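**Student:** one predicted model, sequence on top.
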Amino acid sequence: GDTFRVEGGVLKVRYDKYKDGFGGRFGHLFYKDKFSHYRLRVEYRFVGEQCQGGPGWATRNSGVMFHGCSESISMYRAPVKRVDAEAVYTNNVPSGAFRGYGLGQIQLGVESALDLLAERLDIDPFELRRRNAVRDGDPLLAWHSEPEPDLRWGSYGLDQCLDLAQDALHRGNGVAAPEGWLVGEGKASTLIATMAPRGHVAHATATLRADGIYVLRTGTAEFGNGSTTVQRQIAASVLSVDGSRVVLEHADTDAVTHDTGAFASAGTTVAGKAAHAACTALRHRLIDIAATLHGVGADACTLRADGVLTPLGVVPLSDIVIAGGGTHSDGVSATGEEFGEERSLAFNVHAVRVAVEPQTGTVRILQSVHAADAGFVMNPAQCRGQIEGGVAQGVGSALYEEVMIDTDGSVINPMFRTYRVPQFADIPDTEVYFADTSDELGPFGAKSMSESPYNPVAPAIGNAIARALGRRPYEQPFSRDRVWRLAQTE
């Protein structure tokens, strides 16, 4: 479990949690013998130290450690920050990629510290975050004195997220706690870059066939993240056709030059941008060919579903393919690419109202609210599903899931009979709200929203339990036995 305690004004966090250890190959998250210290002062300063351990080889360790340390302490405008971080080898079995890219664990300490400050200073937790969170245009100081050169304020929606979550929690949802249960509210805010640090590469190809079908080829893989839907939407929008006329071929190394991989929420902000660039290039090429055929300027032409409209009429798509030197099979093509050289920022705020039964330690979530700064939301239903899934995963790590490791580094509960995951009945309905923003860097103004919804959930639940009991839980997951013992403490 993730444990932390206060000693001499210092909030100490120890990570003993084995993450996602069911056959994954990337050992890049938090294992045994990691510590994180956040010193609390009335000036809201933080001093942080973390040590990260990986398995017997190095894959994403340094990138995830960089990501977790940088964005977790970039969230607030503290004048004093220090981070000491180290990746070390351990004897733990290899772990796999886990949602949040290392931020969920660190944010537990940061957001718990914010809540402790709010309690001691008698300030509303939402208001404390408003006063101290970074604002649009602020330098994003992380673990070194200079801002990250590739981070840009593409848009800013944290203020809206805080308002949306607070208003929803204030309205309530009419769900009452059982008689005799204690009630508490908690909230947490997180920041995440819209793609992985140090670059992320994607190439794409868009082709018009003679039969009027567009073929989009990307290297990223679909595994339930919805990237294929969004990429087809991007192509259809740029090429002015219905989605039924876009065929997507993905995850094929023969189809494109290179793709770094479907991780770090890259499906829209990296592969999607490459797809947008390829379709835009193809659109320009089709218009140029049609303008040449009619002897007019390209700026006087418009791509439509049936062809290119020029001042002299419509040039059918089949004629454009022939004039462009394509055949029915290969058509006319254009390429696009994205190198991840600039990253924007997305924000998430989660708020909950929970009920705690002191006699059993049972925690029941009465209301769950999530506000997301997702930029322009291209597919609201799909994005809402991403957020609801992230919240469900966050509830699992907050209340149920715990991989137990013996002294030899072996997992002693490697099956779902002993590793408790939440069922549908355990997951509350979550009210999802979107900030009204449009990002300068993302395709059509969109931001990534795959991993970030997970990050603030456990801190918000922990803060709510602390408010309900008047005693703060220092060990995650906040399981019934731990909450029961906490409730019995004087």
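**Tutor:** Looks like it arrived, so ask away.

**Student:** which positions in stretch 437-447 come out as buried?
**Tutor:** Neighbour counts using 16 or more other CB atoms under 10 Å place Thr437, Asp439, Leu441, Gly442, Pro443, Phe444, Gly445, Ala446, Lys447 of stretch 437-447 among the buried residues. For the C-beta atoms, the positions are set from N, CA and C on the backbone; glycine is no exception.

**Student:** whoops, stretch 299-318 was the one
**Tutor:** Neighbour-count burial for stretch 299-318, counted by 16+ other CB under 10 Å, picks out Cys301, Leu303, Gly307, Val308, Leu309, Thr310, Val315, Leu317, Ser318.

**Student:** which two of the buried residues of stretch 437-447 have the greatest separation?
**Tutor:** Across the buried residues of stretch 437-447, the longest distance by CB to CB is 14.3 Å; it joins Thr437 and Pro443.

**Student:** what is the longest helix along the chain packed up against?
**Tutor:** Criterion DSSP state H: the longest helix present in the chain is helix 271-294. Applying 3 or more CB pairs under 8 Å, 6 or more residues apart in numbering; DSSP states H and E, we find helix 271-294 packed against strand 202-208, strand 214-218, helix 227-239, strand 302-303, strand 307-310, strand 313-316, helix 317-323, strand 332-338.

**Student:** which of the ones you listed is buried the deepest?
**Tutor:** Of all those, strand 202-208 carries the top mean neighbour count, a mean of 26, counting by mean count of other CB atoms under 10 Å.

**Student:** where does pLDDT dip in the stretch 201-350 of the chain?
**Tutor:** For the stretch 201-350 of the chain, residues meeting the criterion pLDDT under 70 lie at 326-329.

**Student:** coming back round to it: Arg99: which of the buried residues of stretch 437-447 is nearest?
**Tutor:** Among the buried residues of stretch 437-447, and counting by CB to CB, the member closest to Arg99 is Lys447, at 16.2 Å.

**Student:** what comes into contact with stretch 383-392?
**Tutor:** With CB atoms under 8 Å, 6 or more residues apart in numbering as the contact definition, stretch 383-392 has outside contacts at 99, 225-226, 350, 368, 370, 372, 374, 377, 422, 427, 430, 432, 434, 449-454, 457.

**Student:** so what's the backbone phi/psi at Ala193?
**Tutor:** Geometry field for Ala193 lists phi and psi as phi -70, psi 150, criterion degrees, to the nearest 10.

**Student:** that one and Gly409: what is the separation?
**Tutor:** 32 Å (CB to CB, to the nearest Å).

**Student:** who's more crowded, the two?
**Tutor:** The neighbour count for Ala193 versus Gly409, taken as other CB atoms under 10 Å, is higher for Ala193 (28 against 15).

**Student:** now the more buried one: closest residue in space that isn't a chain neighbour?
**Tutor:** Excluding the flanking residues, the one nearest Ala193 by CB to CB, 6 or more residues apart in numbering is Arg343, at 4.4 Å.

**Student:** go on, Gly396?
**Tutor:** Pro422 (4.7 Å).

**Student:** enumerate the positions of stretch 407-424 that are buried.
**Tutor:** Buried residues in stretch 407-424 (16+ other CB under 10 Å): Val411, Pro414, Tyr419, Arg420, Pro422.

**Student:** got the contact list for the nearest residue to the fourth one once chain neighbours are set aside?
**Tutor:** In space, Arg420 comes closest to Tyr400 once its chain neighbours are excluded; the distance is 4.4 Å by CB to CB, 6+ apart. With CB under 8 Å, 6+ apart as the criterion, the residues that contact Tyr400 are Arg420, Val421, Pro422, Asp426, Pro477, Ser479.

**Student:** what sits against the second one?
**Tutor:** Counting by CB under 8 Å, 6+ apart, Val421 makes contact with Gly396, Tyr400, Glu401.

**Student:** restricted to strands, list those residues.
**Tutor:** With strands taken from DSSP state E, there is no overlap with the contacts of Val421.

**Student:** and Tyr76, how far from His67?
**Tutor:** Taking CB to CB, one finds Tyr76 at 17 Å from His67.

**Student:** so those two - more neighbours on which side?
**Tutor:** Taking other CB under 10 Å, Tyr76 and His67 do not tie; His67 has more neighbours (24 against 21).

**Student:** name the SS class of that one, please.
**Tutor:** Using DSSP: H, G, I helix; E, B strand; the rest coil, the structure places His67 in helix.

**Student:** just the helices in the protein please.
**Tutor:** With DSSP H as the criterion, the chain has helices at 61-74, 103-121, 125-132, 158-171, 227-239, 266-269, 271-294, 317-323, 380-399, 457-469, 480-488.

**Student:** could you dump those into TSV and include distance to Thr90?
**Tutor:** As requested, the helices of the chain are exported to TSV (distance: least, CB to CB, whole Å):
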stretch	distance to Thr90
helix 61-74	11
helix 103-121	16
helix 125-132	35
helix 158-171	36
helix 227-239	33
helix 266-269	28
helix 271-294	33
helix 317-323	57
helix 380-399	20
helix 457-469	23
helix 480-488	25
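
**Student:** circling back to that earlier point, thought the residue nearest to Gly396 was touching Ala398?
**Tutor:** No: assessed by CB atoms under 8 Å, Pro422 is found out of contact with Ala398, at 9.5 Å.

**Student:** return the distance of the closest residue to Asp306 other than its chain neighbours relative to Ala206.
**Tutor:** Of all residues not flanking Asp306 in the chain, Val314 sits nearest, at 6.3 Å (CB to CB, 6+ apart). According to CB to CB, Val314 stands 21 Å off from Ala206.

**Student:** with Ser397 instead?
**Tutor:** Counting by CB to CB - Ser397 and Ala206 are separated by 40 Å.

**Student:** just Ile287 next, same as before
**Tutor:** 14 Å.

**Student:** before we move on, what about Pro311?
**Tutor:** Counting by CB to CB, the gap from Pro311 to Ala206 is 26 Å.

**Student:** same check, this time on Gly180
**Tutor:** Relative to Ala206, and taking CB to CB, Gly180 is found at 62 Å.

**Student:** same deal with Thr218?
**Tutor:** According to CB to CB, Thr218 and Ala206 sit 10 Å apart.

**Student:** can you pull the residues that touch both of the two?
**Tutor:** Shared contacts of Thr218 and Ala206 (CB under 8 Å, 6+ apart): Ala275.

**Student:** got the phi/psi numbers for the residue nearest to Arg420?
**Tutor:** phi -130, psi -50.

**Student:** how close does it get to Leu486?
**Tutor:** 17 Å.

**Student:** now Cys161
**Tutor:** Distance from Cys161 to Leu486, by CB to CB: 30 Å.

**Student:** for the two, indicate the residue with more neighbours.
**Tutor:** Looking at Cys161 and Leu486 with other CB under 10 Å, you find the greater number of neighbours at Cys161, namely 28 against 21.

**Student:** go ahead and confirm the more buried one touches Val369.
**Tutor:** No: counting by CB under 8 Å, Cys161 sits too far from Val369 to count as a contact (10.3 Å).

**Student:** using CSV, write out the CA atom coordinates for stretch 384-391.
**Tutor:** The C-alpha trace of stretch 384-391 is given here as CSV (Å, rounded to 0.1, in the frame of the first residue of the first chain):
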residue,chain,number,x,y,z
ARG,A,384,-16.9,11.1,-21.1
GLY,A,385,-16.3,7.3,-21.2
GLN,A,386,-12.5,7.9,-20.8
ILE,A,387,-13.2,10.0,-17.7
GLU,A,388,-15.6,7.5,-16.2
GLY,A,389,-13.2,4.7,-16.8
GLY,A,390,-10.3,6.7,-15.2
VAL,A,391,-12.5,7.4,-12.2
